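*Asks:* here is a sequence together with a model predicted from it:
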Amino acid sequence: MFLIKTTSSVGFDPVLVCDGVVLRRATVTDYGEWAALREESREHLTPWEESWTEAETSVAAFRRRLRYFERQARSAARLPLLVFRREDRVLVGGATLSNIRYGAAQTATLGYWIGKPFVRRGYGRAAIEAIVRHGFDGLGLNRIEAACQPENQPSRALLLKSGFRHEGCAREYLKINGTWRDHDLYALTAGAFEVSEDGTDGAPA
């Protein structure tokens, strides 16, 4: 993976490349492809995400979301990126670092999704590696956390393959489709990531 460009000094407008994917911030011109992929993946994503309606996937809602993300980026609180297939720039999903905290914590929360037509092709793992490395090397974070429902075995396997370690279970952690769901908690530290990069503890690529 390498960083093509970073227009802000703290790395909140990067273009990241890793294996077969490119990650960048969304623009309004991405709306049509994003809305189509989200709709095509609705059944695939619904069990694991907050409830979302047709209004939330409208172009007006997309524009509001972009403005919100811009404010969050300016305050160094969130880095939301879309994930594209490198060979043809087809949208395959998204990856986000949110709840970014500095000071003594230097921590963020990882979120990600891959559209139904593109699962199990290595895009999720490459996207996680790209944004995690940028979080450590570009944003100076020390710890990145993630959570998934115990029933979401593909997501659990993806986190473990990406170097994350299981740290426990949080009861009623997130409200998914109107119901508070337990989530398994995972984390990866900068030190552990560096060890894996050296090939001594299982590379996260």
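*Replies:* Ah, there it is. Remember, predicted model here, so these are calculated numbers, not experimental data.
*Asks:* could you use CA atoms for every contact and neighbour count after this?
*Replies:* OK.
*Asks:* count of neighbours near residue 104?
*Replies:* Applying other C-alpha atoms under 10 Å, we find 7 other residues in the vicinity of residue 104.
*Asks:* and for residue 31, the neighbour number?
*Replies:* Residues within reach of residue 31, counting by other C-alpha under 10 Å, total 17.
*Asks:* quick one: pLDDT of it?
*Replies:* Note for residue 31: predicted pLDDT of 97.
*Asks:* let me see the contact set for it.
*Replies:* In this structure, residue 31 makes contact with 59, 62, judged by C-alpha atoms under 8 Å, 6 or more residues apart in numbering.
*Asks:* what's the mean pLDDT across the helix ranked longest in the chain?
*Replies:* When the chain is parsed with DSSP state H, its longest helix is helix 59-74. For helix 59-74, the mean pLDDT works out to 94.
*Asks:* show me what whichever helix or strand comes after it is packed up against.
*Replies:* Going down the chain from helix 59-74, the next helix or strand is strand 79-85, by DSSP states H and E. Where contact means 3 or more C-alpha pairs under 8 Å, 6 or more residues apart in numbering; DSSP states H and E, strand 79-85 is packed against strand 21-24, helix 59-74, strand 91-101.
*Asks:* out of these, indicate the one that is most buried.
*Replies:* Of all the helices and strands packed on strand 79-85, strand 21-24 has the most neighbours on average by mean count of other C-alpha atoms under 10 Å, namely a mean of 25.
*Asks:* please save the CA atoms from that one in CSV.
*Replies:* These are the backbone C-alpha positions of strand 21-24, laid out as CSV (Å, rounded to 0.1, in the frame of the first residue of the first chain):
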residue,chain,number,x,y,z
VAL,A,21,-8.3,-1.3,-4.1
VAL,A,22,-8.2,2.5,-4.0
LEU,A,23,-9.7,4.5,-1.1
ARG,A,24,-10.7,8.1,-1.3
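*Asks:* hmm, who's touching that strand?
*Replies:* 13-17, 81-87, 89, 123, 126-127, 130.
*Asks:* off-centre distance for it?
*Replies:* Distance of strand 21-24 from the chain centroid (C-alpha atoms, centre = their mean, to the nearest Å) equals 11 Å.
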